[in-house]
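Engineer: Okay, structure incoming, though there's no sequence with it:
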């Protein structure tokens, strides 16, 4: 049995789909029930802060995919992430899970200076205290981060740009590629660190050009000053704590950058492009 946390999300959903398609027994965990899932997977509902419920969901697993599902409106992102990390770690030990694939991030080896990514440094540390063998997936920036901005651009003709300058190209990868790599490791365990990049580096300028090309309309880039990034994310519906930590992440990216850990782990490249990621959008 393979168990997937966050199985209704982008990365977890892709992992579950691929494992299921391979004919393996799989159980998906979701925070709340929503409709009737399709397919042969078994589904359970469990809150990651409910350690006994999570341990029950992990029971009998040969491999588990785990992530740290901090709420967008968390009052204190770091405090909630630490509680989640402790709960997930205890659940792994309570269920005697032998192996887990962990969704982390590029830069998670750094203890400070990366904004919201710092929560994943502590997540890795908490899981490292368990008896479970781990594969740490450290993907680059998600291509899907441009999706809500692209929707805004289709409505207004303007694309908010958080990278400075707008031509700054960074490593970026699709959530689907990360889910596929997670599934591969769940089905064929290979503990260690896996650094994940995309098919090419991308910039806000690339995103604007891609949207314009796909939809045949001009897109104007609107650089968002560093001091306005948190407010822009709060206006988009995120809680103040998460918005602040995301702004700190962008400061790190736009400064010296957020690196992969030098000399540590295997590097894997995804194949999904920015054009494919944004191509699913339709004009309003």
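Structural biologist: Received it, and whenever you're ready, just let me know what you need. Values in this document were obtained by computation on a predicted structure and should not be read as measured data.
Engineer: low-scoring pLDDT stretches of the stretch 1-150 of the chain, where are they?
Structural biologist: Low-confidence segments of the stretch 1-150 of the chain, defined by pLDDT under 70: 33-38.
Engineer: ok, what's across the strand from the closest residue to residue 189 other than its chain neighbours?
Structural biologist: Computed as Cβ to Cβ, 6 or more residues apart in numbering, the closest residue to residue 189 that is not its neighbour in sequence is residue 99, at 4.8 Å. Where you see a C-beta, it was placed from the backbone N, CA and C, and this is true even at glycine. Assessed by DSSP bridges, residue 99 has beta-bridge partners residue 133.
Engineer: and stretch 22-32, how far out from the chain's middle?
Structural biologist: 18 Å (Cα atoms, centre = their mean, to the nearest Å).
Engineer: swap in stretch 141-156?
Structural biologist: Averaging C-alpha positions (Cα atoms, centre = their mean) puts stretch 141-156 16 Å from its chain's average.
Engineer: sorry, back to before: give me the number of residues near the residue nearest to residue 189?
Structural biologist: 19 (other Cβ atoms under 10 Å).
Engineer: residues contacting it?
Structural biologist: When contacts are counted by Cβ atoms under 8 Å, 6 or more residues apart in numbering, residue 99 touches 62-64, 132-135, 189, 191.
Engineer: quick one: which of the residues you listed has the most company?
Structural biologist: When neighbours are counted by other Cβ under 10 Å, residue 64 leads those with 27 neighbours.
Engineer: Distance-wise, check it relative to residue 177.
Structural biologist: 20 Å (Cβ to Cβ, to the nearest Å).
Engineer: quick one on the thing from earlier: closest one of the contacts of residue 99 to residue 90?
Structural biologist: Within the contacts of residue 99, the smallest distance to residue 90 is 11.3 Å, found for residue 132 (Cβ to Cβ).
Engineer: Distance of the closest one relative to residue 65?
Structural biologist: Residue 132 is 12 Å from residue 65, where distance means Cβ to Cβ.
Engineer: Please apply the same query to residue 195.
Structural biologist: Going from residue 195 to residue 65 by Cβ to Cβ gives 18 Å.
Engineer: ok, those two, which is more surrounded?
Structural biologist: Here residue 195 and residue 65 are compared on neighbour count by other Cβ under 10 Å; more neighbours surround residue 65, at 30 against 19.
Engineer: Isn't that one up against residue 12?
Structural biologist: Yes - using Cβ atoms under 8 Å, residue 65 is in contact with residue 12, at 6.2 Å.
Engineer: residues contacting the nearest residue to residue 274 once chain neighbours are set aside?
Structural biologist: Once flanking residues are discounted, residue 274 sits nearest to residue 202: 5.0 Å by Cβ to Cβ, 6+ apart. Residues near residue 202 by Cβ under 8 Å, 6+ apart: 143, 146, 169-170, 172, 274.
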